[in-house]
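[1] My questions concern the predicted model and sequence given below.
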Amino acid sequence: MHQLTLAEIARGLADKQFSAEELSRSLLARIAQLDPQLNSFITVTEDLALEQAKAADARRAAGENSLLLGAPIAHKDLFCTNGVLTSCGSKILTGFKAPYDATVVEKLKAAGTVTLGKLNMDEFAMGSANESSHYGPVKNPWDTSRVPGGSSGGSAAAVAARLLPAATGTDTGGSIRQPAALTNLTGIKPTYGRVSRWGMIAYASSLDQGGPLARTAEDCALLLGAMAGFDSKDSTSVDQPVDDYLAALAQPLAGLRIGLPKEYFGAGLDARIGEKVMAVVEELKKLGATVKDISLPNMQHAIPAYYVIAPAEASSNLSRFDGVRFGYRCENPKDLQDLYKRSRAEGFGAEVKRRIMVGTYALSAGYYDAYYIKAQQIRRLIKNDFVAAFKDVDVILGPTTPNLAWKLGEKNADPVSAYLEDIYTITANLAGIPGLSMPAGFVDGLPVGVQLLGNYFQEGRLLNVAHQYQQVSDWHNHAPKGF
Amino acid sequence: MALERSEVEKIAHLARLGLNDGDIPQTTETLNNILGLIDQMQAVDTQGIEPLAHPLEATQRLRADVVTESNQRAAYQAIAPAVESGLYLVPKVIE
């Protein structure tokens, strides 16, 4: 039962092959048996899951038949879940049982999904390896001595290991797409503003977007359709109808114009990954796509600009963790300053503290123009590159990551070396466009991801291209040994 | 431009982050590495480029000035480290 996709589960539940309760019990048993090898869950919500599964079965018995009714999922542990620990992977949120549901959680609940638990992540979503979590690193099921990527590393490892069919994630600089690539999954970061950020604990508010990770593009379409939509509680939510992503899947690719940016295939890319990506391009050509070489000349400036904008916004967002209203408080504070400083010093991990300090510096008096304004100007140059490119092409294609999954601990000594791994994903966040990663094969037994970038609100087109590719390839069906 | 120890102490204070003396050299080195990466921006010609704050150039949406939320004090204070009679407790601020 654990091999089923969300779409297959929908059919199985509709045909009464199994009940939502049987399915959830089976997956909960699998999580208990296998997750100790991976550490992908922070909390398993067994009681909640069984209650929701029984309720889904009752709704179905009463005649309801929606596609996600009874579908088991889990949430990255930065989506607030009412009455359930929401840790953000941080010690500072010790004991934080959120007093409300995030909009994404509420919408998926209303659709009838069953929540199996909360998934591990880099602390405050800051990382590309899922090694900065207070709850310990997550292992990649394809090779448990390697990282699963991050920051949605728990989501990726759990879905890749068939502990559940799909999960939510968030993407600020690649945190859905990069772990999807390193674990052989499909994941999509929507257009900025497409999915509500209300109740999603903020890292960098002008970049953060929630989205799904699953094994197929079809499952991502199913889940994204339920997650997306206008929310008056999120001031940056976009008031525009949500496309029918499932209906978009079937469109033939004849006439599709693909842009290949030369900057994505230059120095720094593992040549073996480049070959896999070009093999996908050849398949898409057979399906009727045409290919054009393009240039995104400002891509090289994206990482420096991101490491100003994201830490600056983080330093502001994370000022709310003060040891007063919720979460961790230090022992015996001698005065209010000591309470703030020690609660934060003891509650935040090293990477979070680094980014808060970089952001504080960039925003401090005398440096604002040289750092924050400069970074925002570069941000516009990056957006302009995409606007120009999308005049001639429908999607932009390239590798999701420059390298395969690395060994646990390999990049810990030098944070900057890990930052550079996000070179291909970060531009989509800065420009606010949607991006998708899908399986493209294996090198040395490790998964390779190919990234598709689209114009604003072209999620349906990206899912369509990925779905059509998955009709003629079977990389996405490969499961890691032992899982 | 490299940060000195005193600047790192000042930044930590502004961010309300306690720093152990022993951690300062390592923190200073790491921050300087990150700032070295960031300083690559200075080579980019951005003369006359309007800063981009929001990817879709959206402006702040406004709503009618009416009460929308109900009182949730008990639920919100149930997760606070220390409360008494509906108030958050902190160390004495005024002598």
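    Yep, it's here.

[2] how many neighbours does residue B:70 have?
    Look at residue B:70: counted by other CB atoms under 10 Å in any protein chain shown, it has 5 neighbours. No exception for glycine: its C-beta is placed from N, CA and C like everyone else's.

[3] Am I right that it sits in a strand?
    No: residue assignment for residue B:70, taken from DSSP: H, G, I helix; E, B strand; the rest coil, gives coil, which places it outside any strand.

[4] Give me the distance between it and chain A.
    The gap separating residue B:70 from chain A is 12 Å, by CB to the nearest CB, to the nearest Å.

[5] Mind jotting down where the strands sit in the chain?
    As the question left the chain open, I've gone with chain A. Remark: strands of chain A, listed N- to C-terminal, are A:41-44, A:72-76, A:114-119, A:166-171, A:186-189, A:209-214, A:257-261, A:290-294, A:395-399, A:435-443, A:446-454; assignment by DSSP state E.

[6] The chain in question should be chain B.
    B:83-84, B:87-88.

[7] List the residue ranges of chain B that fall below the pLDDT cut-off.
    Across chain B, residues meeting the criterion (pLDDT under 70) sit at B:1.

[8] Looking at the strands of chain B, which is nearest to residue A:201?
    Distances from residue A:201 to each of those were compared by CB to CB, and the smallest falls on strand B:87-88, at 20.2 Å.

[9] Do any residues in that closest one lie close to chain A?
    Yes: with CB under 8 Å from any CB of the partner chain as the threshold, strand B:87-88 lies in contact with chain A, specifically through residue B:88.

[10] neighbouring strands for that strand, and are they parallel or not?
    Sheet pairing of strand B:87-88 (DSSP bridges) gives strand B:83-84 (antiparallel).

[11] Quick one: neighbours of residue A:383, just the number.
    One way to gauge burial is a neighbour count; for residue A:383, by other CB under 10 Å, it gives 20.

[12] so what's it closest to, chain neighbours aside?
    residue A:431 (4.3 Å; CB to CB, 6 or more residues apart in numbering or on different chains).

[13] For that neighbour, give its distance to residue A:438.
    Taking CB to CB, to the nearest Å as the criterion, residue A:431 is separated from residue A:438 by 20 Å.

[14] Mind pulling up the pLDDT for residue A:267?
    Residue A:267 carries a pLDDT value of 89.

[15] which regions of the stretch 351-483 of chain A sit below the pLDDT cut-off?
    Low-confidence regions of the stretch 351-483 of chain A, defined here as pLDDT under 70, do not occur.

[16] Quick check on residue B:86: phi, psi?
    With angles defined as degrees, to the nearest 10, residue B:86 sits at phi 80, psi 10.

[17] number of nearby residues for the closest residue to it other than its chain neighbours?
    Distances taken as CB to CB, 6+ apart place residue B:73 nearest to residue B:86, at 6.1 Å, with adjacent residues excluded. Taking other CB under 10 Å as the criterion, the count of residues near residue B:73 is 9.

[18] OK, contacts around residue A:444?
    Residues touching residue A:444, when contacts are defined by CB atoms under 8 Å, 6 or more residues apart in numbering or on different chains, comprise residue A:404.
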